[in-house]
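In: All I have is the shape, not the residue letters:
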């Protein structure tokens with residue numbers, strides 16, 4: 001392991017401290033003030049300076065994240081609201097926006113994107129002919145059950161130990177969906193990357209729709225004026241009207257804008273030989289960046305969300321199972337995923353913090369080797 005610039009194995013490290021958590025580790029906490037009161041969380045720290053907060057009671061999503069003290073995950077001002085405060089159907093289905101905060105907010109498990117009324121007759125309950133969905137579904141406000149939080153050995157004897165947390169979230173109703181998300185989050189003891197492995201399976205006995213989306217939110221200083229979005233883009237499939245009206249580039253960010261209207265793009269990405277999609281946000285001087293890779297098979301679609309408004313300054317990187325047109329369109333064109341009883345889908349994603357020009361240049365070169373991108 002590389003610990004504070006020293007190459008050292010575990011045995012030698014143990015001689016130098018009576019508790020490895022002085023260097024890196026896992027701590028379970030309960031938030032206890034304001035809208036966050038009662039929310040269980042897990043803090044993970046690596047010796048490289050990566051700090052991550054896992055929100056057990058908010059669908060095992062990722063809250064605050066920092067690298068060497070600098071915030072990586074975006075903070076919206078909403079706070080990590082207790083799920084009991086969530087209003088799923090308020091504000092025309094847009095109340096999900098009051099829970100939007102932190103590095104990762106997951107959408108699903110049976111619906112993502114904008115809401116609406118969807119046929120529910122497949123569940124054979126006459127009083128329930130349809131179901132109404134809000135923006136990005138119900139997953140965000142469901143507490144998880146913590147299954148594991150511990151340090152485990154690395155992949156081989158000389159590898160660094162791994163900080164691992166596992167949780168499951170069940171989204172269920174009588175006469176409706178019964179889906180389970182099992183999420184594993186891993187950080188190497190001396191690492192700078194976050195590895196997510198998700199499995200969604202159908203515990204019910206009716207074929208059940210499944211949609212899934214990651215809203216990965218990056219904030220200042222990992223985005224700022226001049227930050228470049230780098231991706232292997234075959235074509236731009238869709239852009240919100242605001243993108244043409246405001247004239248703000250999807251590639252290079254401006255400073256925060258007063259009254260900025262969110263811009264959303266759907267990009268068709270080119271996967272690498274390893275079957276993974278790869279995108280990055282890179283500082284103009286190459287001093288820092290963040291790279292996200294994921295298995296293209298599970299989430300073949302990708303959205304870029306620009307929220308460059310003053311006080312809300314963020315970029316969202318959004319791998320998705322479905323196109324931006326959403327639930328109704330997926331049912332109409334036959335692209336909706338239906339899980340049979342016992343059937344599952346797996347998702348694998350890595351978030352890597354880049355430090356210095358050598359690493360940011362290497363990330364850019366790896367992406368450019370896959371494909372260019374439109375101006």
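Out: Structure's in. What do you need? Please read all numbers here as calculations on a predicted model, not as lab measurements.

In: How far off centre is stretch 203-216?
Out: 16 Å (C-alpha atoms, centre = their mean, to the nearest Å).

In: any idea what sits nearest residue 355, other than its immediate chain neighbours?
Out: Distance criterion C-beta to C-beta, 6 or more residues apart in numbering; nearest residue to residue 355, sequence neighbours excluded, is residue 288 at 6.1 Å. Yep, even glycine has a C-beta here, placed from its N, CA and C like the rest.

In: Each with direction, which strands does the strand or helix carrying residue 347 pair with?
Out: For residue 347, the element it lies in under DSSP states H and E is strand 344-355. Using DSSP bridges, strand 344-355 pairs in its sheet with strand 193-202 (antiparallel), strand 288-295 (antiparallel).

In: dump the residue contacts of the residue nearest to residue 355.
Out: By C-beta atoms under 8 Å, 6 or more residues apart in numbering, the contact set of residue 288 is 70, 221, 222, 353, 354, 355, 356, 360.

In: now the fifth one, nearest residue through space, not along the chain?
Out: Read that as residue 354. Leaving aside its sequence neighbours, residue 354 sits nearest to residue 289 (C-beta to C-beta, 6+ apart; 3.8 Å).

In: okay, the strands paired with strand 344-355 in CSV with mean pLDDT and distance to residue 84 next?
Out: As requested, these are arranged in CSV below (pLDDT from 0 to 100; distance: least, C-beta to C-beta, whole Å):
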stretch, mean pLDDT, distance to residue 84
strand 193-202, 98, 24
strand 288-295, 98, 31
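
In: before we move on, back to that, ok, residues contacting the strand holding residue 347?
Out: So strand 344-355 is in contact with 50, 67, 72, 103, 192-202, 210, 212, 214, 216, 280, 282, 287-295, 298-299, 319, 321, 337, 339, 360, 363, going by C-beta under 8 Å, 6+ apart.

In: and it, which residues are buried?
Out: Neighbour counts over strand 344-355 (16 or more other C-beta atoms under 10 Å) mark 345, 347, 348, 349, 350, 351, 352, 353, 354 as buried.

In: As TSV, those with distance to residue 303 and pLDDT would be great.
Out: Below are these laid out as TSV (distance: C-beta to C-beta, whole Å; pLDDT from 0 to 100):
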residue	distance to residue 303	pLDDT
345	19	98
347	16	98
348	19	98
349	15	98
350	19	98
351	17	98
352	20	98
353	22	98
354	22	98
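
In: distance of the residue lying closest to residue 314 once chain neighbours are set aside from residue 364?
Out: Leaving aside its sequence neighbours, residue 314 sits nearest to residue 74 (C-beta to C-beta, 6+ apart; 4.1 Å). As judged by C-beta to C-beta, to the nearest Å, residue 74 and residue 364 stand 22 Å apart.

In: ok, residues contacting the longest helix along the chain?
Out: For the chain, the longest helix by residue count, based on DSSP state H, is helix 357-370. Here helix 357-370 makes contact (C-beta under 8 Å, 6+ apart) with 230-232, 270-272, 278-280, 282-283, 285-289, 291, 354.

In: can you check stretch 247-263 too?
Out: By C-beta under 8 Å, 6+ apart, the residues outside stretch 247-263 that reach it are 223-229, 236, 239-240, 242-243, 245-246, 265, 304-311, 313, 315, 373, 375.

In: re the thing from before, tell me the contacts of the residue nearest to residue 354?
Out: Residues counted as contacts of residue 289 (C-beta under 8 Å, 6+ apart) are 222, 280, 281, 282, 283, 353, 354, 359, 360, 363.

In: Check the gap between the fourth one and residue 35 for me.
Out: For residue 282, the distance to residue 35 equals 34 Å [C-beta to C-beta].

In: Tell me which of the two has more neighbours.
Out: More neighbours surround residue 282 than the other of residue 282 and residue 35, with 25 against 16 (other C-beta atoms under 10 Å).

In: That one bridge partners, please.
Out: residue 228, residue 289.

In: Any figure for the gap between it and residue 214?
Out: From residue 282 to residue 214 the distance is 20 Å (C-beta to C-beta).

In: Likewise for residue 110?
Out: Distance of residue 110 to residue 214, computed by C-beta to C-beta: 16 Å.
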